[in-house]
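*Asks:* quick one, structure for this:
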Amino acid sequence: MKYLKQFGIILIISFIGEIFNAVIPLPVPASIYGLIIMLAGLCSGVIKIESVKETSMFLIEIMPIMFIPSAVGLITVWKIIKPSIWSYAAITVLSTFIVMAVSGCVTQIIIRRRKKTQTAEGSVENG
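*Replies:* Residues are numbered from 1 along each chain as shown. Predicted coordinates for the structure are as follows:
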């Protein structure tokens, strides 16, 4: 019963994301609205992490299975994709490296700021 309740919470948040997608005239996918709503609920404490933890872990574990239909869809349109495969591959590799670089830079900035904050707090306490 616990898993049904947790899955129900996730489904309700996803449904609200679908409603936002239909009502708000922006080119934002419903899943992104759902993720933002879930994040806001978790950060604000409206949704407790314990109320979705086990089911969300299960969904993350089976995530690779969710990509099988997409892969099959690519196979069905292979004739259309084949002439541009090198362009797709180059864009994929380039965007992957850009995301890795930006993520690394942002992570370093956050780590440096935390160190400065901790150092400043330490000097205030010692002073």
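*Asks:* could you pull out the buried residues of the helix or strand bottoming out on mean pLDDT in the chain?
*Replies:* When each helix and strand of the chain is scored by mean pLDDT, DSSP states H and E, helix 68-76 comes last, with a mean of 86. For helix 68-76, a neighbour-count test (16 or more other Cβ atoms under 10 Å) marks nothing as buried. For glycine as for every other residue, the C-beta is placed from the backbone atoms N, C-alpha and C.
*Asks:* who touches it?
*Replies:* Contact with helix 68-76 is made by Ile81, as judged by Cβ atoms under 8 Å, 6 or more residues apart in numbering.
*Asks:* just after it, pick out the following helix or strand.
*Replies:* Counting by DSSP states H and E, the next helix or strand C-terminal to helix 68-76 is helix 78-81.
*Asks:* picking up where we left off before, give me the distance from the least confident helix or strand of the chain to the chain's centre.
*Replies:* 22 Å (Cα atoms, centre = their mean, to the nearest Å).
*Asks:* quick one: neighbours of Met38, just the number.
*Replies:* Close neighbours of Met38, defined as other Cβ atoms under 10 Å, add up to 19.
*Asks:* let me see the domain layout of the protein.
*Replies:* 1-66, 73-127 (automatic domain parsing).
*Asks:* just say which of those domains is most tucked in.
*Replies:* Each of the domains of the chain was scored by mean neighbour count; the highest is domain 1-66, a mean of 13, by mean count of other Cβ atoms under 10 Å.
*Asks:* quick one: mean pLDDT over the lengthiest helix in the chain.
*Replies:* Criterion DSSP state H: the longest helix present in the chain is helix 85-126. Average pLDDT, helix 85-126: 89.
*Asks:* now do stretch 40-60
*Replies:* The model assigns stretch 40-60 a mean pLDDT of 94.
*Asks:* for it, measure first residue to last.
*Replies:* One end of stretch 40-60 to the other measures 20 Å (Cα to Cα, to the nearest Å).
*Asks:* contacts only, for Asn21.
*Replies:* So Asn21 contacts 28-30, 33 (Cβ under 8 Å, 6+ apart).
*Asks:* now Thr92: how far from Glu121?
*Replies:* 43 Å (Cβ to Cβ, to the nearest Å).
*Asks:* distance of Phe20 from Ser95?
*Replies:* Counting by Cβ to Cβ - Phe20 and Ser95 are separated by 27 Å.
*Asks:* I appreciate the help and will end here.
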